[in-house]
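[1] Return a 3D structure for these sequence lines:
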Amino acid sequence: MAEITRRRTGELLRELFKILMAAPDGVRAREALQELSVRVNLTPYEADSFESGGRRFDKIVRFATVDCVKAGWMVKDKGIWSVTDEGRAAYAELIDPEAFYKRACKLYAEWKAAQPDAEPNTAANTSAAVSVEEAENTAKAVSVTFEEAEEQAWTEISQYLRAMNPYDFQDLVADLLRAMSYHVTWVSPPGKDGGLDILAWPDVLGTRPPRIKVQVKRQQQSVNVDGLRSFMALLGEDDVGLFVCTGGFTKDADAEARTQEKRRVTLIGLEKLFDLWEEHYDKLTDRARRRLPLRSIQFLAPGG
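    Model prediction:
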């Protein structure tokens, strides 16, 4: 990437940060890269594509963001990129694009040196310095490859869950509760359910509180505070509520759930649901696994 200077990389990163900082909940990586490519004028080199496919510009930016992640300026989670408070502070402090990227590179180097398997500092001679740089570039390339594969996998999984039949999705949640050692006593059949989709207990006889009341929604839009309050109205003193929604929850709804003193309720969005499914996958029945089958693929662990 000799055609890309540190100043140019810094310009791209600062514009990327501007996009991400405007979205407190983060932006999907592909959407952020597309928006960035519209905001900046791509050079012919950046706009060119690799023989294996994929635009060179995307790879350049992804490669540079590895430094920002290890610097503590960015977070990447299931293909969602967001800027941390440290990243916002760095953006405000380091106005010069080149200084911005240099600081990220410096912090990456410090992170790398602190790793247990870090190589001794051999940058005293030119050949050794080149070897160290090549090793770091290889590590970053592995990290980017892993990141892209992870994003693709999550895109397919989330689309699959969002397209699932609502009652199949409801059964998936019930299967997960069983794998978590809860005893599901009732799952709502098709038709009106009065706001409850699943009832479960900590013990098989249903004699030990709390009773767990679950509402499940497979929808695109987020549940707002009014929707949450309607569900909480169904909770008694000895009940715990679980609200599962593929569309997530608004900030007001999240705050309402966190500040409750009498009615205990836990909100579970799509990402949390999948994390729980993955965590308890070994305890699922074969029939349950067929609802959302997973298969592990081994990748070289990204060291950068």
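[2] from here on, contacts and neighbour counts on C-alpha atoms
    Will do.
[3] which residues in the stretch 51-200 of the chain form helices?
    Secondary structure of the stretch 51-200 of the chain, counting by DSSP state H, counting those that start in this stretch: helices at 56-70, 85-93, 97-113, 126-162, 166-179.
[4] where among those helices is the average confidence lowest?
    Lowest mean pLDDT within these: helix 126-162, a mean of 75.
[5] helices or strands up against that helix?
    Counting contacts by 3 or more Cα pairs under 8 Å, 6 or more residues apart in numbering; DSSP states H and E, helix 126-162 is packed against helix 56-70.
[6] buried sites along the helix it packs on?
    56-59, 61-70 (16 or more other Cα atoms under 10 Å).
[7] Outside of that helix itself, list whatever touches it.
    1, 9, 12-13, 33, 37, 42, 45-50, 74-76, 87, 104-105, 107-108, 111, 140-141, 143-144, 304 (Cα atoms under 8 Å, 6 or more residues apart in numbering).
[8] now for the buried residues of helix 56-70, which pair is the farthest apart?
    56 and 70 (22.3 Å; Cα to Cα).
[9] Break the protein down into its domains, please.
    6-161, 166-289 (automatic domain parsing).
[10] which residues of the stretch 151-300 of the chain score low on pLDDT?
    The stretch 151-300 of the chain contains residues with pLDDT under 70 at 193, 300.
[11] What ranges does it have for its strands?
    Using DSSP state E, counting those that start in this stretch, the strands of the stretch 151-300 of the chain run over 183-187, 198-201, 211-217, 239-245, 264-268.
[12] Now tell me what touches the third one from outside.
    Residues external to strand 211-217 that are found in contact with it (Cα under 8 Å, 6+ apart): 166, 170, 173, 195-202, 231, 235, 238-246.
[13] one more time with 6 Å, if that's ok
    196-201, 239-245 (Cα atoms under 6 Å, 6 or more residues apart in numbering).
[14] What of stretch 37-49?
    Identification of contacts with stretch 37-49 by Cα under 6 Å, 6+ apart yields 55-57.
[15] likewise stretch 250-266?
    Contacts to stretch 250-266, defined as Cα under 6 Å, 6+ apart, come from residues 222, 224-225, 240-242.
[16] one step back: now distance to residue 258 too, for the strands of the stretch 151-300 of the chain, in a markdown table please.
    Compiled in a markdown table, the strands of the stretch 151-300 of the chain are given as follows (distance: least, Cα to Cα, whole Å):
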| stretch | distance to residue 258 |
| --- | --- |
| strand 183-187 | 25 |
| strand 198-201 | 22 |
| strand 211-217 | 17 |
| strand 239-245 | 12 |
| strand 264-268 | 8 |
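[17] And these: which comes nearest residue 93?
    strand 264-268 (36.9 Å).
[18] quick one: strands adjacent to that closest one?
    Neighbouring strands of strand 264-268 in its sheet, by DSSP bridges, are strand 239-245 (parallel).
[19] CA-only coordinates of the strand it pairs with in CSV, if you can.
    The C-alpha coordinates for strand 239-245 follow below in CSV (Å, rounded to 0.1, in the frame of the first residue of the first chain):
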residue,chain,number,x,y,z
ASP,A,239,-42.5,-12.8,38.3
VAL,A,240,-39.5,-12.0,36.2
GLY,A,241,-40.0,-10.8,32.6
LEU,A,242,-38.0,-11.6,29.5
PHE,A,243,-38.7,-9.5,26.5
VAL,A,244,-37.1,-10.9,23.3
CYS,A,245,-37.2,-8.8,20.1
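[20] quick one: that strand to chain centroid distance?
    Centroid displacement of strand 239-245 relative to its chain, using Cα atoms, centre = their mean, to the nearest Å, is 22 Å.
[21] what does it contact?
    Residues contacting strand 239-245 (Cα under 6 Å, 6+ apart): 210-218, 264-269.
[22] so how far is residue 185 from residue 205?
    Residue 205 sits 9 Å away from residue 185, going by Cα to Cα, to the nearest Å.
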